[in-house]
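In: need a structure here:
(chains A and B)
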Amino acid sequence: MSKSQEPIVSCRGLKKWFSVSAGFFAQLVGGETYLKAVDGVDLDVYPEELYCLAGESGCGKTTTGKLLVGLLKPTGGEVTFVGENLDKVSRRKLRKLRAKMQTIFQDPYSSLNPRLSLYDTIAEPLRLNKIAQDGADEEERVVRALEAVQLVPAADFTFRYPHELSGGQRQRVAIARAIVVNPEFIVADEPVSMLDVSIRSEILNLLEKIRREFHIAYVYVTHDLSVASYIGDRIAIMYLGKIMEKGTIKQVIHGSIHPYSQALISAVPSPDPTISRKRKVLPGEPGSPINTPPGCLFAPRCEFAQDQCRREEPPLEELEPGHWVSCWFPRPPLLLGFDPADALKEKAKA
Amino acid sequence: MSLKVENLVVYYCMRRGDCRAVEDVTFEIESGDSVGLVGESGCGKSTVAFAILRMLPEPGEIMSGHIYFDGEDIALLGVEELRNFRWTKIAMVFQGAMNALNPILRVSDQVSEAMLRHDENLTKEEAKDKTRELFKLVGMDPERIDHYPFEFSGGMKQRAMIVMALACDPKFLIADEPTTALDVTVQAQIMELLKRLVKDLGITLMLITHDLSVVAETCNNVIIMYAGKIVETGSVLEIFQKPWHPYAQGLISSIPSIEKSSDQTLASIPGSPPNLLDPPLGCRFHPRCMYAQDLCKVEDPPLLEVSRKHKAACHLASGRIKDDKWSPGKMEVER
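Out: Residues are numbered from 1 along each chain as shown, chains lettered A, B, ... in the order given. Predicted coordinates for the structure are as follows:
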């Protein structure tokens, strides 16, 4: 990925507000109340890049993913895909563009139609988008997709049904269905969170392989920062619908400066027992995205919050090339470099 | 005050056959210890916990084996003795805090119910006072004991579940996936709380989870199960650095670590766990094991000591078979 390229997907000031007005009377009197699921998000995703959206539940990461592929209509702001504004193009054009962007969902047990054989499941996007020239071409494309996700020999799988497959195999089918139309952009929404640990890494490695082979850009939605740091190029940390910090994995995970990202990162348990990380336990839980307070959204939970934070909302600023932070008082970088031997000595002392 | 499980066998006897969920499981947990019981879904880890509390759901049954707690065999207790044992000696924090509380009862009523059942001399007021104390202990506002579960957030419900488990001052706590549905920041809070219970109250903790990182941070010892059997057990420090069993090696090498990120490569274990209605002969892991040899297909490897207090159930570890590619330690993988 080089920055000189045009981004394949980008959004500016993206907003999605859901109306949650209590009822008719409340609407008459007080106007409407909104749940601000996504509130002013700017992102640029470059070709063949893996961009992670991370945060706690309810931070708007999934909604952002859906907005980017046009599964939801934004309340404000715009999404451009290969230079076209999704909101402005004609329906016919939109249909064509849609074939170039696909989604992989979290739960492979409910995202596949139990009545369709794998062949029909994978061929459906081809038929909907009228991509295959004839039956033979369709078959060839389906087989190629099955082989790409390592469900081989493909002939053994084409006429099976989802209930005959394990969770990992189902997720492979979901990936095959996404790549069969040769997309340029995929939104993967927590594709491994429902899978067992030993299967998880297989699927992660597969997504990585497909990215290189088919030159696909991903937006990878996850709550798991260790997964993000394993496969991501860049990452945006969201909190209550806004981006708190974004940049490369190295900048954000291995040198975060926003107090929220720092708390989130230090809460991730490490699989290495020799690492005894100084943990900052963040008190409380995320607030409600309805009736958000003025000022910084994170201020109520932030131990460094000052008066300014509660009054004025900090802008998202580029503090070093590519590293954006929305905080009035950024912290010194939280470095995640450890000498395991030192940590071991410390543990032995304790 | 130790817990000793010997040759425990638990089957779920169904019309289409016996599901051999736990087969010949033996382990010991010493007083004051914190032990992680880990494995993938369906490996029998929760079944072991339910068997210890004699709360196996139908049609689960302890087919054979012993569970000694304080020298007493729990597997033989009668109904009345069980009532005195459960919750006062061993209590459990159930999986799925979101749904485990009764939505139409105040939290204080649910907690005091257990106290009043086990202590006839206790008055309702005393039970409430004790509930307030426990709320303080787990870091919640004691004023909120009379609230209903729907007024609590996910993390608070999980704390309330821990309060319920602590109602009768048990010395042994089984926590079944206590952090699974929670966000990382809340997960960190609950883990700190569990660690504090072990350290300050001297509670013995058995933590059941599929998340090895949680075990690495919270426990001293670990038991790794696969398809109803223990494949490896020992201290966390030793097993996470130098696993012996190929399954444990794969599992430990397949978790991403936030510290290492881009330069690491994750291992994976091809295939999926066997159907326990008809488990494979010999070692239950052999169909997925890259080192499997003829002996593995016919003979089940016993759990043998490989170093002090570190046991593995593998013919390679015991030296019965040899493979140049295998050695103890994490797996090296090419990306």
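In: CA-only coordinates of stretch A:236-256 in PDB, if you can.
Out: What follows is stretch A:236-256, C-alpha atoms only, in PDB (Å, rounded to 0.1, in the frame of the first residue of the first chain):
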ATOM      1  CA  ALA A 236      -9.200   3.300  14.500                       C
ATOM      2  CA  ILE A 237     -10.300   3.100  18.100                       C
ATOM      3  CA  MET A 238     -13.900   4.200  18.500                       C
ATOM      4  CA  TYR A 239     -15.800   5.300  21.600                       C
ATOM      5  CA  LEU A 240     -19.500   6.100  21.600                       C
ATOM      6  CA  GLY A 241     -19.600   6.700  17.800                       C
ATOM      7  CA  LYS A 242     -16.500   8.800  17.500                       C
ATOM      8  CA  ILE A 243     -12.900   8.100  16.600                       C
ATOM      9  CA  MET A 244     -10.600   8.600  19.600                       C
ATOM     10  CA  GLU A 245      -7.300   7.600  18.000                       C
ATOM     11  CA  LYS A 246      -6.300   6.300  14.600                       C
ATOM     12  CA  GLY A 247      -3.100   5.500  12.800                       C
ATOM     13  CA  THR A 248      -0.900   2.500  12.000                       C
ATOM     14  CA  ILE A 249      -0.900  -0.500  14.300                       C
ATOM     15  CA  LYS A 250       2.600   0.600  15.500                       C
ATOM     16  CA  GLN A 251       1.400   4.100  16.300                       C
ATOM     17  CA  VAL A 252      -1.900   3.200  18.000                       C
ATOM     18  CA  ILE A 253      -1.200  -0.200  19.600                       C
ATOM     19  CA  HIS A 254       2.400   0.100  20.400                       C
ATOM     20  CA  GLY A 255       2.500   3.800  21.200                       C
ATOM     21  CA  SER A 256      -1.000   5.000  22.000                       C
END
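In: pretty sure residue B:13 is touching residue B:59, no?
Out: Yes: using Cβ atoms under 8 Å, residue B:13 is in contact with residue B:59, at 5.0 Å. To be clear about C-beta, it is placed using only N, CA and C from the backbone, and glycine gets the same treatment.
In: need the phi and psi values for the most centrally placed residue in chain B.
Out: In chain B, the residue lying closest to the centroid (Cα atoms, centre = their mean) is residue B:208, at 2.3 Å. The phi/psi pair for residue B:208 (degrees, to the nearest 10) reads phi -100, psi 130.
In: what is it paired to in the beta sheet?
Out: Beta-bridge pairing for residue B:208 (DSSP bridges): residue B:37, residue B:176.
In: give me the distance between the two termini of stretch B:271-283.
Out: 15 Å (Cα to Cα, to the nearest Å).
In: what does it contact?
Out: Stretch B:271-283 has contacts (Cβ atoms under 8 Å, 6 or more residues apart in numbering or on different chains) with A:166-169, A:196, A:199, B:16-21, B:23, B:40, B:42-44, B:226-228, B:284, B:286-289, B:292, B:295-301, B:313-315.
In: buried residues, it. List them.
Out: B:272, B:273, B:274, B:276, B:279, B:280, B:282, B:283 (16 or more other Cβ atoms under 10 Å in any protein chain shown).
In: any idea which of those residues the model trusts least?
Out: Model confidence across those bottoms out at residue B:272, which has 84.
In: quick one: that residue from residue B:41, how far?
Out: Applying Cβ to Cβ, to the nearest Å, the value for residue B:272 to residue B:41 is 10 Å.
In: what do you get for residue B:86?
Out: Residue B:86 sits 26 Å away from residue B:41, going by Cβ to Cβ.
In: which one's more surrounded, these two?
Out: residue B:86 (20 against 13; other Cβ atoms under 10 Å in any protein chain shown).
In: how about the more buried one: what's its closest non-neighbour residue?
Out: The shortest distance from residue B:86 to any non-neighbouring residue, by Cβ to Cβ, 6 or more residues apart in numbering or on different chains, is to residue B:53 (5.9 Å).
In: what about residue B:136, how many residues nearby?
Out: When neighbours are counted by other Cβ under 10 Å, residue B:136 comes out with 11.
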